[in-house]
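A.B. asks: Below is the structure, and that's it, no one-letter string:
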Ligand code: SF4
């Protein structure tokens, strides 16, 4: 295994990094940029120019905006900065996956990931929607952090822009699958989706929102009529197992969640994705595969099986294990009897702290 390239953005202690004190423009839409620029009394086209430099040319400073007069660039530098987030740490995997740890203005840390797949043209960015998470899934490193706070729309959108600025690459797909439960921060997430569509230029069909099963959030998302993909992190077809590994099941039980998901698929006309983490001896039995097949048979969906990416505690122990490749294939075969398309997720970044929350936790400990 190739050793991952480790890069620290600044030689400061993680968590003590601060974004500058000036208001940031990246992550804002055109209207909001116009609003911010009002005190400068600029002609309307200046806001459009600045918006275009930020979102189409990925600039990180006003000096790069070469079609603005030097005096205006100086004026802008005194009042604003472009990036909102600071890069605290970057890990690059041997397969090209780039894992970012960003520090926010209040010193909190969030993770984002840039992934490429050989069978897909577009690069995918996985975004965080909260600092920490209240859902507490037992197989998730973020779950162990607890909930810190919601991210703002601007903090969510600037993750995509920070990735594009750092890598120089264009992101084509967005997945809300990083730290946090997006539908427990649904207002800011929906606002960020609208900004990703309108300003970053990524269509709704290239956006996936993943939820652990927040029923009011699913209903709210349906009302937005956005042709995006909803992914449900199901992880177990039987309530007993699901309650153990996804504790929010007690609040939103499967017998209410599955009808809500079906309603979403019907209202939106979009095929939903069922995400299912394979934990050896916990969620990978033949009986559970049959239960999953029965459950998804009449849902307009695809099934994505995720072999568990171990998270280790300080003693080098992991609570769960990944099933063998043969066990994964066996499980897949049974679920395929439902007539649904079933895939096993291609693993990315396994030589870095790719599981959501791992990198954050590492820095938090330090
Ligand atoms: S898997 Fe998602 S919903 Fe569950 S604890 Fe982790 S971040 Fe939260």
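C.D. replies: That came through fine. As the structure is a prediction and not an experimental result, all values here were calculated from the model.

A.B. asks: Now do the same for the closest residue to residue 113 other than its chain neighbours: its pLDDT.
C.D. replies: Closest residue in space to residue 113, ignoring its immediate chain neighbours: residue 126 at 4.2 Å, by CB to CB, 6 or more residues apart in numbering. For glycine as for every other residue, the C-beta is placed from the backbone atoms N, C-alpha and C. Residue 126 carries a pLDDT score of 96 in this model.

A.B. asks: Please report the distance of residue 126 from the ligand.
C.D. replies: Using CB to the nearest ligand atom, to the nearest Å, we find residue 126 at a distance of 11 Å from the ligand.

A.B. asks: Dig out what that residue forms beta bridges with.
C.D. replies: Beta-bridge pairing for residue 126 (DSSP bridges): residue 113, residue 175.

A.B. asks: My understanding was that it contacts residue 179; is that so?
C.D. replies: No: assessed by CB atoms under 8 Å, residue 126 is found out of contact with residue 179, at 9.7 Å.

A.B. asks: Make sure I have this right: residue 110 is in a strand.
C.D. replies: Yes: counting by DSSP: H, G, I helix; E, B strand; the rest coil, residue 110 is part of a strand.

A.B. asks: I figured residue 180 hits residue 127, correct?
C.D. replies: No: using CB under 8 Å, residue 180 is not in contact with residue 127; the gap is 9.2 Å.

A.B. asks: got a list of what the residue nearest to residue 113 touches?
C.D. replies: For residue 126, the contact set (CB atoms under 8 Å, 6 or more residues apart in numbering) comprises 112-115, 175, 177-178, 356.

A.B. asks: With residue 294 instead?
C.D. replies: 237, 338.

A.B. asks: just residue 64 next, same as before
C.D. replies: Contacts for residue 64 (CB under 8 Å, 6+ apart) come out as 53, 57.

A.B. asks: before we move on, back to that, and the gap between the residue nearest to residue 113 and residue 60?
C.D. replies: Counting by CB to CB, to the nearest Å, the separation of residue 126 from residue 60 is 22 Å.

A.B. asks: same check, this time on residue 143
C.D. replies: According to CB to CB, residue 143 and residue 60 sit 33 Å apart.

A.B. asks: between the two, who's got more neighbours?
C.D. replies: More crowded of residue 143 and residue 60, by other CB atoms under 10 Å: residue 143, with 23 against 15.

A.B. asks: which SS state does the more buried one fall under?
C.D. replies: helix.

A.B. asks: got the contact list for it?
C.D. replies: By CB under 8 Å, 6+ apart, the contact list for residue 143 reads 133, 135-137, 357.

A.B. asks: go again using 10 Å as the cut-off
C.D. replies: Neighbouring residues of residue 143 by CB atoms under 10 Å, 6 or more residues apart in numbering: 132-137, 179, 212, 245-247, 311, 356-357.

A.B. asks: For my notes, confirm residue 232 occurs in a helix.
C.D. replies: No: counting by three-state DSSP, residue 232 is not part of a helix but strand.

A.B. asks: Local confidence estimate at it?
C.D. replies: For residue 232, the pLDDT comes out at 97.

A.B. asks: Count the residues that sit near it.
C.D. replies: For residue 232, the neighbour count with other CB under 10 Å is 22.

A.B. asks: so it makes contact with residue 292?
C.D. replies: No: the criterion here is CB atoms under 10 Å, and residue 232 misses it with residue 292 at 11.9 Å.

A.B. asks: in the chain, which spans are strands?
C.D. replies: Counting by DSSP state E, the chain has these strands, from start to end: 5-8, 86-92, 98-103, 109-115, 123-126, 130-132, 147-150, 171-176, 207-211, 229-233, 272-278, 301-307, 342-344.

A.B. asks: Any chance of a markdown table for the ones you listed, columns distance to residue 325?
C.D. replies: Formatted as a markdown table, the strands of the chain follow (distance: least, CB to CB, whole Å):
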| stretch | distance to residue 325 |
| --- | --- |
| strand 5-8 | 28 |
| strand 86-92 | 25 |
| strand 98-103 | 24 |
| strand 109-115 | 21 |
| strand 123-126 | 24 |
| strand 130-132 | 33 |
| strand 147-150 | 35 |
| strand 171-176 | 24 |
| strand 207-211 | 24 |
| strand 229-233 | 22 |
| strand 272-278 | 11 |
| strand 301-307 | 8 |
| strand 342-344 | 9 |
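
A.B. asks: Cheers, nothing more for now.
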